[in-house]
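Undergrad: Test case, fold it:
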Amino acid sequence: MKEAEVKARAFAMPLTNPAYPPGPYRFIDREFLVITYRTDPDKLRAVVPEPLEVDEPLVKYEFIRMPDSTGFGDYTETGQVIPVRFRGRKGGYSHCMFLNDEPPIAGGRELWGFPKKLADPTLHVEIDQMVGTLDYGPVRVVTASMGYKHKAADLDAVRASLSAPAFLLKIIPHVDGSPRICELVEYYLEDITLKGAWTGPAALSLTPHALAPVAELPVLEVVSAVHLICDITLGLGKVVYDYLQPAAAKREPALKPATAGVS
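TA: Sure thing, here's the model as predicted:
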C-alpha cells in the first residue's frame, strides 16, 4: 500500500477494516430518559475540569435507546452529563458513558473523546413505567424509573436543551504513555426533529462500583425527569481549549475542527 493511499484511508483503525464508518451520523427514533438530580457540590466540582464552570450541583442521568443509527445499528447508552458554563455559554459536560456496542465506543473515544466504556444498559417500557438499568458484569449499578407519559413536556424547552452546546475532554496518549492530545471539544446535535416529550414522577438509585463509579456523584434529590423521542444528526465538533498549549494560546478560542463523531 502506497503512502498516499494510507493517508487517504486513515480515518479510523484498523486501517483496512475500520471499526466504524465515516460520518455524518443520523439517529432515527432516538429515545431519552433523563433524570436531573441534585448532588454534593464539592464532589461535583472535583470531577469537572477547568475551564468549565459549575453553577448548580446538578447532574443529568441519561438513558438513550438508539434503534436506528447510521453505521452502528441498534444499541443503548447511559451515563452522567453535568450542566456547565464555558466562556459564558451554558451547556453539558459528558462525565461518563456506558454502552453495549463496540463501533460507537471506538468511534466516540477516538474521534471526539466521548468517555465510553463497555457495559450493559437497558431502557424499556414496563407496563406503566419507563425503566432504565445499567449492569457492569453481574452487578446492577443503576436503576431508574419514571411514570410513563404522565404529562406533556414543554417542547420548546426540550428542544432548547437538545440544541445547547456539549463538551467532552478528549485524551489520546502518545506511544510512551504521555498525553499526546488533551483537548476540550465542543459539539452540537443538529437537524433535530422532536417527536414527543413527557414528564412524570421519577426515581434513581446508584450503587457503588469500582469501574462504574456513578455513585460518587450521589443522588440527594430528584429534581425533574423527561422522556423524549427525536431524530437527530450528531454534528461536527471543534477544539475549544488545548491543555497542552502554552497559557497564552489557551486563552484564545481554538478553531481547529474535529472529524465526525458518534454518541
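Undergrad: what residue ranges in the chain score low on pLDDT?
TA: Counting by pLDDT under 70, the chain shows low-confidence ranges at 247-263.
Undergrad: just checking, residue 110 is part of a helix?
TA: Yes. Assessed with DSSP: H, G, I helix; E, B strand; the rest coil, residue 110 lies in a helix.
Undergrad: Look up how far residue 151 lies from it.
TA: 40 Å (Cβ to Cβ, to the nearest Å). For glycine as for every other residue, the C-beta is placed from the backbone atoms N, C-alpha and C.
Undergrad: Among the two, which residue is more densely surrounded?
TA: Between residue 110 and residue 151, residue 110 has the larger neighbour count (other Cβ atoms under 10 Å), namely 20 against 9.
Undergrad: Leaving out chain neighbours, which residue sits closest to that one?
TA: residue 12 (6.6 Å; Cβ to Cβ, 6 or more residues apart in numbering).
Undergrad: same check, this time on residue 51
TA: The shortest distance from residue 51 to any residue other than its chain neighbours is 6.1 Å, reached at residue 241 (Cβ to Cβ, 6+ apart).
Undergrad: secondary structure element for that neighbour?
TA: strand 238-242 (DSSP states H and E).
Undergrad: again, but for residue 93
TA: If you go by DSSP H and E, residue 93 is part of strand 89-99.
Undergrad: on contacts alone, who are the packing partners of that strand?
TA: Judged by 3 or more Cβ pairs under 8 Å, 6 or more residues apart in numbering; DSSP states H and E, the packing partners of strand 89-99 are strand 73-86, strand 116-118, strand 166-173.
Undergrad: partners of the shortest one, with directions?
TA: For strand 116-118, the paired strands and their directions (DSSP bridges) are strand 89-99 (parallel).
Undergrad: what sits up against the strand it pairs with?
TA: The contact list for strand 89-99 (Cβ atoms under 8 Å, 6 or more residues apart in numbering) reads 47-48, 52, 55, 59-60, 75-85, 105, 108, 114-119, 121, 134, 136, 164-169, 186, 212-214, 217.
Undergrad: one more time with 6 Å
TA: Outside strand 89-99, the residues that touch it by Cβ atoms under 6 Å, 6 or more residues apart in numbering are 52, 75, 77-84, 114-117, 119, 121, 134, 164-168.
Undergrad: now the residues you listed: which count as buried?
TA: 52, 75, 77-84, 114-116, 119, 121, 134, 165-168 (16 or more other Cβ atoms under 10 Å).
Undergrad: would you put the C-alpha positions of stretch 121-132 in CSV?
TA: Output of stretch 121-132 as CSV, limited to C-alpha atoms (Å, rounded to 0.1, in the frame of the first residue of the first chain):
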residue,chain,number,x,y,z
PRO,A,121,-27.6,-0.7,29.8
THR,A,122,-31.3,-1.1,29.1
LEU,A,123,-34.2,1.2,28.6
HIS,A,124,-37.8,-0.1,28.1
VAL,A,125,-41.4,0.4,29.0
GLU,A,126,-42.6,-2.0,31.8
ILE,A,127,-46.4,-1.8,31.9
ASP,A,128,-47.0,1.8,33.3
GLN,A,129,-43.4,2.9,33.7
MET,A,130,-40.1,3.7,31.8
VAL,A,131,-37.3,1.6,33.4
GLY,A,132,-33.6,2.1,32.8
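Undergrad: got the buried residues for stretch 142-162?
TA: For stretch 142-162, burial by neighbour count (16+ other Cβ under 10 Å) applies to 142, 144-147, 149, 153, 158, 161-162.
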